[in-house]
Structures are given as C-alpha cells and as structure tokens.
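Visitor: need the 3D shape of this:
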Amino acid sequence: GASFEVGANSIALDHAGNDFVDGVKLSNSGKNNVVIADANTLQLDKVAVGSGSLTVTGKGGITQSSVATSAITQEAAAGDARFVTETGAIVLDNKANLITGGVSIANSGSKDVTVVNSSAVKLSQVNLGSGALTITAQGSVTQGVTGTSDALVQAAGGGKVTITATGGGIALGNKLNDFT
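Guide: Numbering: from 1, shown residues only. Next comes the predicted model:
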C-alpha cells in the first residue's frame, strides 16, 4: 500500500483518477487538512491526522484494513471527517477509531454505512442511499439541531438505522432529519 507521512503539512491527494491498491497510510499533524480520493474502493490503513479536516472519497466504497493498527485517529477538537462514496459501502469498523471532529457521510444506492468510534460521535451532514446505517460510539451520539448542514437524510426505502451510544445519550433532534 501507499504511505503519506508529511509532518505539520497538508495532504492533498484529491485527483479523481487516483487508484490506490491495498491499504493507504496517512499521517500529519497540526491544523492541516487531509484530502484523499480514489476512483475505486479506497482501503484505509493507519490514519493518524492532526486537527484539520479529513476528507475521504472512494467512488466504489471506503473500508479499513483488518489490521488492528488500522484505526483512524484525529487530534483533539479536529475539523470534520467526511466520508463520501457514490454507490459503495462505507465500513469504518475498527474499535480503536478516534474521530474527534464532526462525522459527515454521503453515499447513494443500496450499500450500508458503518461507523465505530472509541469516543463520542457528533454527526454533521449525513446523506444516505437506501442501505442501513450503523453508528457505534463509546460516548454520546449527537448532531447539530439547525439547518440542512446537520441533518440526517435517507433515500426512500432506506434501511435500518441502528445507533449505540455506550456510556452516553443519543440526541438527534434536527427537525430536518428524514428517516425512511
């Protein structure tokens, strides 16, 4: 797989034609943004980033390596972590994930979305196809309560939504949420 370790600098691998094979490792620090795109399914390996935003786009889906050290970690008070795919599944199921920024998700079609985090989850904009959504947090699961930028919206005929907040509450009170 590919590895990008850049210290206190941004990572901009946003060319739509990128095609990474095997797990991709990303590492930076400070308030520097990370953007990565793949024309197919993007498999993440160890992702240890600073407090900037993290944007991950995998046209065919986004997964994590099965290696125990393949967690996604952000520094405290990080920018949003955005995960975008056209028709693929988003599977971020490593129990050691530590996503501290808001979680934004976009996919379409019938593929499922799974996010597991070792702390609380603050949902930002979530636009889903008709697949299921599973969020598992070691802490509360919350979202902003005003505007479409914080709404959770499923396509017609959407799958089951399962939210587990161990040791915390669940507060999804945005009036624009649309669970189908």
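Visitor: CA atoms only for stretch 91-110, dumped as PDB, please.
Guide: Presented in PDB, the C-alpha positions along stretch 91-110 are these (Å, rounded to 0.1, in the frame of the first residue of the first chain):
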ATOM      1  CA  VAL A  91     -17.200   0.500   6.600                       C
ATOM      2  CA  LEU A  92     -15.200   2.100   9.300                       C
ATOM      3  CA  ASP A  93     -15.500  -0.600  11.900                       C
ATOM      4  CA  ASN A  94     -12.200  -0.500  13.800                       C
ATOM      5  CA  LYS A  95     -13.000  -0.200  17.600                       C
ATOM      6  CA  ALA A  96      -9.900   1.900  18.000                       C
ATOM      7  CA  ASN A  97     -11.100   4.700  15.700                       C
ATOM      8  CA  LEU A  98     -10.900   8.100  17.400                       C
ATOM      9  CA  ILE A  99     -12.700  10.600  15.200                       C
ATOM     10  CA  THR A 100     -12.900  13.800  17.300                       C
ATOM     11  CA  GLY A 101     -14.400  16.100  14.600                       C
ATOM     12  CA  GLY A 102     -17.900  16.000  13.300                       C
ATOM     13  CA  VAL A 103     -18.700  13.000  11.100                       C
ATOM     14  CA  SER A 104     -20.100  13.700   7.700                       C
ATOM     15  CA  ILE A 105     -21.200  10.800   5.400                       C
ATOM     16  CA  ALA A 106     -22.500  10.700   1.900                       C
ATOM     17  CA  ASN A 107     -23.400   7.600  -0.200                       C
ATOM     18  CA  SER A 108     -26.100   6.600  -2.600                       C
ATOM     19  CA  GLY A 109     -27.500   3.300  -3.800                       C
ATOM     20  CA  SER A 110     -28.200   0.300  -1.500                       C
END
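Visitor: now that stretch, how far from the centre of its chain.
Guide: How far stretch 91-110 lies from its chain's middle: 3 Å, per C-alpha atoms, centre = their mean, to the nearest Å.
Visitor: state the distance from Val49 to Gly158.
Guide: Counting by C-beta to C-beta, to the nearest Å, the separation of Val49 from Gly158 is 30 Å. C-beta here means a position set from N, CA and C on the backbone, and glycine is covered the same way.
Visitor: out of the two, which sits in the busier spot?
Guide: Using other C-beta atoms under 10 Å, the more surrounded residue of Val49 and Gly158 is Val49, with 26 against 18.
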